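> coordinates for the following, if possible.
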Amino acid sequence: MERFCVRVPATCANLGCLFDCAALALRVHLDLHVTERRDGNVSLRYDGINPERVTDDANNLVARVIRETLESWGKKRGFDIDIHNQIPVGVGLGSSAAAIVGALVSCYWLAGRPVFDEELVTLASVREGHPDNVAAAWHGGFTVALNDGDRVLSYSCPVPTELQFVLVVPNYALATQEARAVLPNQYSRADAIHNLQRATVLAAQFFSGKAELRASFFADRWHQPYRAPIMPGLAEVLGIRHPDMLGICLSGAGPSILAFARANPDSIGELITATLARHGVEAHPYVLDADNRGAKGWMLPEPNGTDGGQELPCR
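Sure, this is the predicted structure:
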């Protein structure tokens, strides 16, 4: 095999009450096409959304992870990387997790090593900082993850196909570090119990294969209330109710919003964008399906151009 392709889905982490514990994958993708070079050099071409937020040289996150990982394994390889990205960057959709997972999968191919779930997710978590996004990017579906000493354990299940997802992406980026800086160092017992109750019920619903969700399952007290002051309109958006909306939450560290719908996703998206507009925030709604394959199911010897997911328009 002279060329390798891996497709990595966008991921939405935290899901309200599941802060730093879980994420789900959506059918918007980062595609990496990697070709080995015999001269030891590295080249990279980027095509896709938010090019102004992405470096297109050897300092690119994908190129850097591949190079440093191979060196840590005692392997030196040259490679060409073609990146096609439809995951908005810096808006809480796991763009860095997708880049890291795709880069590590490419490393295994370049080094001729077999891929093991736990090893890959652990390596990716070390790079990314926490395991929820990277685990979902690898496994797909709804995924829970935990740090267990020096390894990461992760478990996934398919997202029920009847669920529809409304993703609303504001026109500004927010660094994860900034969103984390506003969080408190301690939480009350009442707030901890509140979140744990909802987290266990929500996880149980997904792993049982059901889609019997309620808005109260996403009522978080650990991060969304503290992030609302730095995201215009977020507090009002999280209070939206619609007869066909099963839940709403911040996606990752934000500022994107994720809503769960049983029907009429377009009207839900319009309601969210109109609410943000009242706070001076322009945003774009998208209706998406879950990605139950993950990068693990999208590894191909050659890109085949089929079943390409639901692309967001470049802007």
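> going by C-alpha atoms from here, please, whenever you check contacts or count neighbours.
Will do.
> now do the buried residues in the lengthiest strand in the chain.
Secondary structure of the chain per DSSP state E: the longest strand is strand 18-37. Buried residues in strand 18-37, counting neighbours by 16 or more other C-alpha atoms under 10 Å, are found at 18-36.
> this protein: strands as residue ranges?
Under the criterion DSSP E, the chain contains strands at 3-14, 18-37, 42-48, 78-85, 142-148, 151-157, 164-170, 245-250, 257-261, 283-288.
> who's in contact with the fifth one?
With contact meaning C-alpha atoms under 8 Å, 6 or more residues apart in numbering, strand 142-148 is reached by 21-25, 131-132, 135-136, 152-159, 206, 292.
> quick one: contacts for residue 238?
Counted by C-alpha under 8 Å, 6+ apart, residue 238 has contacts 248, 249.
> and it, how far is that from residue 16?
10 Å (C-alpha to C-alpha, to the nearest Å).
> need the residues touching each of those two.
Taking C-alpha under 8 Å, 6+ apart as the contact rule, residue 238 and residue 16 both touch 248, 249.
> confirm for me that residue 136 is in contact with residue 11.
Yes. The pair residue 136 and residue 11 passes the contact test of C-alpha atoms under 8 Å, sitting 6.5 Å apart.
> please say which of these two ends up with more neighbours.
For residue 136 versus residue 11, the count of surrounding residues by other C-alpha atoms under 10 Å is larger for residue 136: 38 against 35.
> please name the nearest non-neighbouring residue to the more buried one.
residue 143 (5.2 Å; C-alpha to C-alpha, 6 or more residues apart in numbering).
> okay, and the beta partners of that neighbour?
Using DSSP bridges, the bridge partners assigned to residue 143 are residue 23, residue 156.
> that one and residue 13, how far apart?
Distance, residue 143 to residue 13, by C-alpha to C-alpha: 9 Å.
> between those two, which one's more packed in?
Taking other C-alpha under 10 Å, residue 143 and residue 13 do not tie; residue 13 has more neighbours (32 against 29).
> and the gap between the more buried one and residue 250?
Residue 13 sits 9 Å away from residue 250, going by C-alpha to C-alpha.
> next one: residue 81
From residue 81 across to residue 250, the span is 32 Å (C-alpha to C-alpha).
> tell me which of the two has more neighbours.
Using other C-alpha under 10 Å as the criterion, residue 81 and residue 250 rank with residue 250 on top: 28 against 22.
> need the contact list for that one.
Going by C-alpha under 8 Å, 6+ apart, residue 250 touches 14, 15, 16, 224, 256, 257, 258.
> was I right about the second one contacting residue 21?
No. In terms of C-alpha under 8 Å, residue 15 does not count as a neighbour of residue 21; the distance is 9.1 Å.
> what about the residue nearest to residue 159 when sequence neighbours are not counted, how many residues nearby?
Nearest residue to residue 159, sequence neighbours excluded (C-alpha to C-alpha, 6+ apart): residue 141, at 5.3 Å. Using other C-alpha under 10 Å, residue 141 has 27 neighbouring residues.
> start the count at 457 instead of 1 going forward.
Sure, I'll start numbering at 457, so the last one becomes residue 597.
> pretty sure residue 597 contacts residue 746?
Yes. Assessed by C-alpha under 8 Å, residue 597 is found in contact with residue 746 at 6.5 Å.
> thank you kindly, that will do.
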